[in-house]
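Novice: here are the coordinates; sequence isn't available:
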C-alpha cells in the first residue's frame, strides 16, 4: 500500500467519524438541524389533540427537517395565550377566539401576536339534551344547569355567546353555566347533573356518538342565532347542518359553524411554515380523518381566515403553489 493510499484511508476514516458525530447531533451532510415547533392542541382524547398527533406523525414521516411536538391544553383561548406569550410556536384555535385575540377583544385585553397558516376544517356547534327531558328549545334552559365547555376552550366562547343572544346570560333568567370539558359534560348529562351540553367539534365527534348510544338525545337547532352572532361578531359564524343519520338523527338539524385555524407566531421562519404547509396539503385526508367526516382541505377555503392575517410564509406558499 502506497503512502498516498494510507493518507486517503485516514482522511476517509476521519470523515466517517465526523459524520457519525454530526448525525448524533441532528446534522447530516452539512444540512440544517431539525427545527422543533411546539403545537398547542387540546385535551387528551379530543379532536385537536388527535389532529396534533396526526400532524406530528405526518411531518416525521415526510423526512423534512421539522419536528412537531403536540402540547395538551384546554384548547382555543388557552392555546392563543400560549402562542402570544411564546410558550408554543404553533396552535389550533376556533376562528371566533382567534379573532378575539387579534382584535384584543373579550377574553384578551390587548391584541395578540397571532397569524394564520390555514383554515383547516369547520366545527359544528352541538347543543344536546336528553330526549325524554323537558327541554325542547334554547329558551327553556333558563335557570337550568348547562355544561358550557371547559375554561379556556372555544366551546365556552360560542356557548356563552349563544346563551347571551338567547337572553340567558345574566339576570334572573340566566342559565347556570358549568365549566366542564367534553368527557365531564357527557358524564354530567348522563347522570342528570346538567340538563344540556354544548359542544363544538367535527361531525361525528366520537364522544357524542358514544353518548347517543347510551342515552337518547335531542339536538336543539341553533341556526336561528347565526344572524345575531354575525351582526355582532362578523362572518366568523356560518349556518351549517348536522346531517340526518349522524348520531341517530332522523332529520337534519340546523346549527352554527365556526372555522378552525392552524396558527403560528409571526416569528416562525418562513421556510418552516412553507414546509409545514406542504405536509398539511399532502396529507390532509389523514389529518382530518380523526376529527370530521367528509371534509376537504382546499386552498380557497384554507386562506379564508377573516381578520386573522396569514403568516408571510403561508402567503409565499399559497402564491408559489397556486399562483
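Specialist: Yep, it's here. Just so you know, these numbers come straight off a predicted model, no measurement behind them.
Novice: Tell me the spacing between residue 322 and residue 135.
Specialist: Counting by CB to CB, to the nearest Å, the gap from residue 322 to residue 135 is 47 Å. Any C-beta I mention is one placed from the backbone N, CA and C, and that applies to glycine too.
Novice: Which one of these two is surrounded by more residues?
Specialist: More crowded of residue 322 and residue 135, by other CB atoms under 10 Å: residue 135, with 19 against 12.
Novice: Bridged to the nearest residue to that one once chain neighbours are set aside, which residues?
Specialist: Computed as CB to CB, 6 or more residues apart in numbering, the closest residue to residue 135 that is not its neighbour in sequence is residue 129, at 4.4 Å. Counting by DSSP bridges, residue 129 forms beta bridges with residue 218.
Novice: And the strands in the stretch 1-150 of the chain, which stretches?
Specialist: 35-40, 66-71, 90-94, 115-130, 145-147 (DSSP state E, counting those that start in this stretch).
Novice: let me redo that: the stretch 151-300 of the chain
Specialist: Using DSSP E, counting those that start in this stretch, the strands of the stretch 151-300 of the chain run over residues 176-178, 196-201, 217-219, 237-242, 253-264.
Novice: so which of these gets nearest residue 228?
Specialist: With CB to CB as the criterion, residue 228 lies closest to strand 237-242 of the strands of the stretch 151-300 of the chain, at 9.3 Å.
Novice: Can you say which of the strands of the stretch 151-300 of the chain is nearest to residue 118?
Specialist: Short answer: strand 253-264, nearest of the strands of the stretch 151-300 of the chain by CB to CB, at 5.0 Å.
Novice: just the angle between the closest one and strand 35-40, please?
Specialist: 150 degrees (axes from the mean of the first three to the mean of the last three CA atoms, to 10 degrees).
Novice: Just checking: what are the partner strands of strand 253-264?
Specialist: When DSSP bridges is applied, strand 253-264 pairs with strand 90-94 (antiparallel), strand 115-130 (antiparallel), strand 237-242 (antiparallel).
Novice: partner residues bridging residue 198?
Specialist: Assigned bridge partners for residue 198, using DSSP bridges, are residue 127.
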